[in-house]
Every structure is written in C-alpha cells, then in structure tokens.
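Peer 1: Coordinates for the following, if possible.
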Amino acid sequence: MKAINCKTEYRNNPIGIDAQDLYVSWQCQEGIMQSAYQIVVKKGSEIILDTGKVESKKMHAIIAPEHRSRDNMSWTIRLWDQDDCSGEWADGGTFEYGLLNSDDWYAKWIEPSEEIGYQFDIGTPDYMNSTALKAWNEKKHKKKEVFLPHKPASVFRKKFCLDSMEKIETARVYASACGLYEIYINGQKITDYVLTPGTANYKFEIPYQTYDISNYVKTGENEIHIILGDGWYRSTSGVDGDRNLFGEKTAVICQLEINGKAIVSTDNTWQASQNGPLRQNDMQHGEVYDARMEDLSDDEMAWHEVKEVPIGYELLKAMDTVPILRMERFDATIIKTPKGDTVLDFGQNLAGQIELIIPNGAAGEKIRLIHGETLDQNGEFTQENFQDRKRHKEGGTYQTIDYTMKAGYNHYHANFTIMGFRYVKVETNADLSKAVFYAHAVYSQMMDTLSLTTSNTALNQLVKNAMWSQKGNFCDIPTDCPTRERAGWTGDAGIFAYTGLRLMESVPVLKKWLRQCRYTQLSDGRVMNIAPPNNKPGFFAKLLAGSVAWGDAIIIVPWEIYQLTGDKRVLSENYSMMCNWYSFLKKEARKKKLFNKSHSKKNRNYVIEKGMNYGEWCEPGRSAAESMKDGNYDVANAYFAYSGMLMSKIAKILDRPEAEVNELIRVSEKARQGYIEVYTENGLITTERQCQLVRPLAFGLLPEEADKLAAKQLAVMVKRENGKLNTGFLTTPEICRQLAKRGYIKEAYQLLLNPQMPGWLYEVNQGATTLWENWDGIQPGKEPKASLNHYSYGAVVGWIMDGVCGIHYCDGELIIQPEIYIGDDANGLTSAKATYDSPAGKIEMGWDYINEKVHIHLFIPVGLEAKLILPNGTQQRVLAGEYNYMC
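Peer 2: A predicted model of the protein is given here:
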C-alpha cells in the first residue's frame, strides 16, 4: 500500500505558510484498507519529526514540526494495509514557512508622495470619473461627503545588481499591499496570481504572498516594477457604492531575498509615477486604460519620490488560502441587437476579466466594453437587472473597460477589476474586423470534484449552473453575486457550504472567510451579516447583525468542513465565536413581548420572540419587506434548537468539559420543546408555506408522529402545487432531501424536474448558465430582474449527489443509498451517475433503468468501506473495489 495525492494545508507544496499545526492528507493506492501510517518530516537531511507508527484508518493527520521563518521542509509517509503489511515510503511533498516575526521584515511600507494631489478635468473623456461625479451630484449624500476622484494606478521601480547566479539556492519575494499589486522583474510578471493580495478586513489583517523568483532574476543589473491599484481596499464597494472602506491612500511592501538575505526592499529610495497606462481602476466600475502610456521606461513617466508610511508589520499574515487565478477561457460570438448595437456573447455567465487583441490599432482611437449578464426582453443589452442606481452613491456598478489604443498591435487584459457577465456591449468607431476578444473566468484555484450526469439534459445543465455560480462567487471568499453587492453574506455561505464543498475543493476559501467573520463579531455575540465588510457601518446593518440563520452560518460552515475533512482545527479556531453567538441567542430568548401567551411557562426562556430577522428570504410571493416585518420567529427558534444541537456535538469533539456539553444539550432540547409547543398544535403545523414544514423536518425538531404528519403535509402541498417550489434561500436545499428521506421520493423528483416557475429547470429552460437570485429572474416579455449569478438555490445539487446518486461521504465514512424514482411521466429519470473525487479518493456510483430492472455500478477507492443500501432494501458492507448489482 502506498500514499498518493499528498497535500499540505490542502495545497501542493505550499510556500510562505505560517500555520503552527499543519493538516496533511493523502489517498491510498493498492490494497484494501489502511490500518496505520508513519510520517517523517525533514529539513534537508535532518529529521525534524517522526510520528512513528500510528494506528488509524484516517487518511489525514495534524503535524507540528518545530520551525523557524523561511524553513523549507519535506515529508514522507508510509502506510500499513489491512494485513498490517507496510508499504514503500512515498513523497508527501514540501512546505516552506514565510516570515513569522515582525523583525524578519526589512522592507518599509511605501506610498507615492504625489498621488494624493491628483486632479482630473471633468471636460476630458475620463469615463469613470465623469460618470461617477454626475451621479454623485444627483444624490443627497453629496452634502455630507466630498466626491473623491478615481485615481491612476501607481507604478514603482527600483534597480538592483546580482554578482552571480551560481550560488543562489533560494530566491524569494515577500509582498503585500493596501490595494492590489502586480510585480514585474526585468519586464516579466513573476506569478500567474491575480487580484493579490486578495480581500480581507484590512483593519485586522493584511495578507502577504511569497513567490519563488529563481527564474526571473539574472546576473548583473535587474529592475523591479510594482503596479499598485485600488482593489478591495479603497474601490467602490457594496450596494451603497461606498469608497475608501479601509483608507484613502494605497501602499505597498516588497522584500526580495536571495538565500534568505534581503537584496532589495521597498523604502524611500524607490521611485513612483502616476503616468502608467492604468488611468483608473475600480473593483466594481472597471478600468480606464491608455495603451499609449505602456512604456514604463519612458522619460515622460515623471518619476518622483516615494514616502515611507508607518503601517507596521503586526497585521501582515501569510496567505493561507489558494490563489486567485484566470481559469477557463471563452471565445466571443459577435451579435447585432435589434437596435444595431454590437454585443459579444461568451456563452457563459461568469465572473472574470476580458482580454482583447487588436493587431491594427490607430493611436488615440477608443473602445468601450460594457459588461452585463443578459439581454433584455427585446434582445437589447442591459445592466438594469443588477443595478440599484438610486441607492448606489456613484449611480450603479459600471462594469466597463474604457480603452485607448496605441498605434499597431494592442493586447490588453483587465487586471485590477472583476466583473459578472456573459455579454459585453462594444462602443467604438474603430475597425474591429481583425480584433479578437476572450473572456477569462477568475476565481480561487479550486479543483472540480463532482461530475454528475443523468438521462435528463436539463438536470445536467442545472448541475453545471450550480458549479458555475460557485466559480463566479468563490473569488477568495464566498460572495452572493459578482455584479451588484459582491458581498460575503453569511447566510448564503451557510446554505451552500455542504454542496460547495463537494462540487469543488473549496475548504481554503471557506476557512479564510470564517476568519473574516471572527473579525466582525460584536461584543454582545452578534456576527455582522457580511464578512469582510463591504460598506460603511450603519445603524441598520448592526441592527440586522442578530439575524438567525445568517449568524448561525458561523456554526454550520465549520461543522460542514469538519464533516468532510475531519480537520478539528476549524472547530477549535471558531469555537469561541460560536459560543459568543449562541450566548446571544440565549439572551434573545429571555427577552419577552408583553402579554404574549404563545408559549408555556415551562420553556418560556427558550423561545425567541423579539429581534429582526431576514427569515426565509426570496420566498415566492413574499417581498423582502414582508419577510422582515413579521419577525420570522419560527425560523429563529428552529435555528436556536438546531445550532445548539450542533454546538453540543462540536464541544464533545473538542473534548470540552462534560458540564459544558451537557448544558448545550439541555438548552437545545429546551429550545426544541419550546418550538414544538409554540408552532404545533396536536402534532400539526398549520401552514400553507412549504418552508415551515421543511425546516423542522431538516432540523429533527418534531416527535416521530408529528414528523410523519409534517412530511405528509408537505407531500400533499407539493402535489397540489404541481411540483412548484414555494421555498426561499433557507429551505430550498433541503426540501427534496427531506421528502425522499421519508419515502416521498416521487414528490421529491416532481419538485426537482418541474419545468415551470418557480422551479430549478425553469431557469435552465430560459437559457440560464448560472443560478438566479430569484425564481422569476427572467420571464418572457418582462424586464430581467435581480442577480442572475447567485449560488444559493444551487444547493439542491447536494441532494442530487447524495439522494439521486446515493453518495453520502463524511470524513472517511461512506454510505451508498440511491433514492430512485422510475415513472412513466416527466417526473422520473432512467439513469444517473456521479463521480466524486472525495478526500479519500474517487467514488463512482451510477444506475440505469433497463428492462424494468435497476442496474447499479459502484466503485469504491482503496481505504474506504461503504454501507450499501439498495432500492429493494438489501443492505451490506462493501470494501474497496468495483461492483455491479441488479434489483
């Protein structure tokens, strides 16, 4: 038996890490079942750590080798199989620590001394500033705030010499910015990372990156350039269009080392200029770019001094996640709208950047590229579905590239912005007959881990749409949409975590986001609904910070990560935050409305009846105002009970004191009893809303008979509505699962395959390539509305995987139990197959209905044992191997 696909901190050979305890993982090759492992960590030839033989079937471990800054280590691993026979040693890879102490930094933070005095002329064709100022002057807030123009990206430079390349063992750059940065050495960009250093709550941390630059430096004179843009630090942000969330001035820090010694570092000897080609840059609005200014060696750059700034090193934190990269590339189809506009159609709604190549440009000619998600009901380009122009301080998110050509060959790539789009409107008088346009999807480096196909092509597209909504919204952190808000909403992440973790390798993205959540927690335990913040703090945002389900995501997401990986660190890192949130819920339950007799005295202190909550959210037939107006206390009390139950499990896993575990069990049970007393009567839930039945079923809140009654009520409701969904964000992921779990498999399939609105396949039939925010985002003859790239409703793919295809995987525990409905109507399937690249290896499960028999094909990787439950009720344990069944 041999270990393969070894990773450290969920990555291959990471450099620049700062974790004290490291999560290492592997998969097994050959044999049947792992019985033990041994890991040896070395620094060079010196053994730093040897675990010895560890009896375990788990294909992961936590190691803590002693280390110092810059240490580069390797690890090897050998395994013992089911017969206690040891296999050969396998290479686990390498890992390298970053700069762990403040005194490891020699570089200084610098900013351009002249940037703050930048002026712009409203009479010139500066699209971004002209548009922003016009909108600003129409807003009421102009009396309270001064308009600040968008500024050019700064360019920094420094020359340095290397005597010889012969003795170079390591060559590293450590860099970060308050803003976004790109580094070029001798004219070459040193990495394929984009949008570095990433998003963060810059008041608590500033991520830095480590780069191997061995292939970029040379003997003799070298020159380094850094381009510094606004990024998440000071760009327009959120639905309000706030600017300068973390500061008005951008800054950069860079330290270049050879063999661990600083060769060149940012300080006041560097030079800066604002005369580079990137005239404006903004995460929401786009870029203004003048290709005539691309020559950074030009005397007209007007280089000037830089200023050292006392930002310090305390907030610098090594990047502990995967990088943001340009991933898939899409070609454009050029179309003409009924009005005659030229529009590029890339065929896929995505979050990303555009690339253009114009081989025959004329100096000074302009092209404007406006990005949008859809065409309107008349076939014209539109952005109006995702705009909130009245609220946004600069009149909406422009998503526009304003490009000025140089003579001859033009090649441009958007760099310091990201946009949500499928369509791009082209405005120009230039000759584009030889022009080429590409769209590049931009998201965190995550491998696709789920491939799923069925006999229903629309359902297959739904699975793809869910994955593309994840790609469009997992750019460093999980966000709600890539167009309007671009916000790390807690509720959305909590809803989608189970599915997202199985669609793609997304643990690092979610772990980083959880740390941002910790930074937002208020002193009373509430968690802000968006992390990191993307708007300026206000009264209403803090008021809604106590919204259940949104706050409970900080319990649910760590739990889902642990369930998949067995990584206890994610529980311990966030346990204090969880406890503080749950303490807030307990305090809320003790607040009472006067004269409210809706609950018994027995559990009166465990029923929440005050506070503001978002509730089910985006539920058909209920506006946002209606959803928030009624308090949604049924939602609050359901989560109060459910989160307490999860907390008790987490506390036990973390070996918390028995009294603490028992208290969590007691409170969650009292909350459950309170829920039953208030929201059921004689075992019945009186409601016409599907969500009010799904939630107690999903959370296990009801006694056995009441549970059966609620499931039956829900099935009857689904039949009556002809399979149309009536759920919002919170319960849509669970409705099919809970029906099928209780034997109503036909009704679950009826919901899943319903082609009418509201329903998943309605979107597909309207040509969607991502999931929508609202079920009615596009209707024939009506204007499109809301975001068309929201992953929340795509959480149903989790059930397609574990229900329709029957793969239930949880940290090495595997249950295969397909829930199959074969009907003679459109509500059934005749085949389904899923291939899941689990942390333990590739699992395959497929079924076909042939000649009135279900044929099942199953593949289980080495190291796993599965409990198999066939549709006819037959159960058995199966080990690694390939199996075929017929029933």
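
Peer 1: can you pull the contacts of Gly794?
Peer 2: The contact partners of Gly794, taken as CB atoms under 8 Å, 6 or more residues apart in numbering, are Leu462, Asn465, Ala466, Met467, Ser469, Gln470, Phe496, Thr499, Leu771. Every residue, glycine included, has its C-beta placed from N, CA and C.

Peer 1: That one should be in a strand, yeah?
Peer 2: No: membership of Gly794 in a strand is not supported by DSSP: H, G, I helix; E, B strand; the rest coil, which gives helix.

Peer 1: ok, and the closest non-adjacent residue to it?
Peer 2: Ala466 (3.1 Å; CB to CB, 6 or more residues apart in numbering).

Peer 1: Would you mark the buried spots in stretch 743-754?
Peer 2: Of the residues in stretch 743-754, Tyr744, Ile745, Lys746, Glu747, Ala748, Tyr749, Gln750, Leu751, Leu752, Leu753, Asn754 count as buried by neighbour count, 16 or more other CB atoms under 10 Å.

Peer 1: Which one of those residues is nearest to Leu646?
Peer 2: Leu646 has its nearest neighbour among those in Ala748, at 24.6 Å by CB to CB.

Peer 1: what about dumping the CA coordinates of the helix or strand of the chain with the lowest mean pLDDT to PDB?
Peer 2: When the helices and strands of the chain are scored by mean pLDDT, DSSP states H and E, helix 624-629 comes last with a mean of 75. Extracted as PDB, the C-alpha positions of helix 624-629 are listed here (Å, rounded to 0.1, in the frame of the first residue of the first chain):
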ATOM      1  CA  ALA A 624     -38.200  41.400   1.400                       C
ATOM      2  CA  ALA A 625     -40.200  43.900   3.500                       C
ATOM      3  CA  GLU A 626     -42.900  41.300   4.300                       C
ATOM      4  CA  SER A 627     -40.200  38.700   5.100                       C
ATOM      5  CA  MET A 628     -38.600  41.000   7.700                       C
ATOM      6  CA  LYS A 629     -41.700  42.600   9.000                       C
END
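
Peer 1: quick revisit: quick check, nearest of the buried residues of stretch 743-754 to Gly728?
Peer 2: Nearest member of the buried residues of stretch 743-754 to Gly728, counting by CB to CB, is Leu751, at 14.4 Å.

Peer 1: quick one on the thing from earlier: secondary structure element for the residue nearest to Gly794?
Peer 2: helix 457-473 (DSSP states H and E).

Peer 1: Which neighbouring elements make contact with that helix?
Peer 2: strand 342-361, strand 436-444, strand 450-454, helix 490-503, helix 745-753, helix 760-765, helix 797-799 (3 or more CB pairs under 8 Å, 6 or more residues apart in numbering; DSSP states H and E).

Peer 1: Helix 745-753 and that one, what's the angle between them?
Peer 2: Here helix 457-473 runs at an angle of 60 degrees relative to helix 745-753 (axes from the mean of the first three to the mean of the last three CA atoms, to 10 degrees).

Peer 1: after helix 457-473 comes which helix or strand?
Peer 2: Next along from helix 457-473, by DSSP H and E: strand 474-475.

Peer 1: contact partners of the strand or helix carrying Ile367?
Peer 2: Element membership for Ile367 (DSSP H and E) is strand 366-372. Strand 366-372 is contacted from outside by 125, 127, 286, 344, 354, 356, 358, 381-383, 385, 398-405, 419-430, 432, using CB under 8 Å, 6+ apart.
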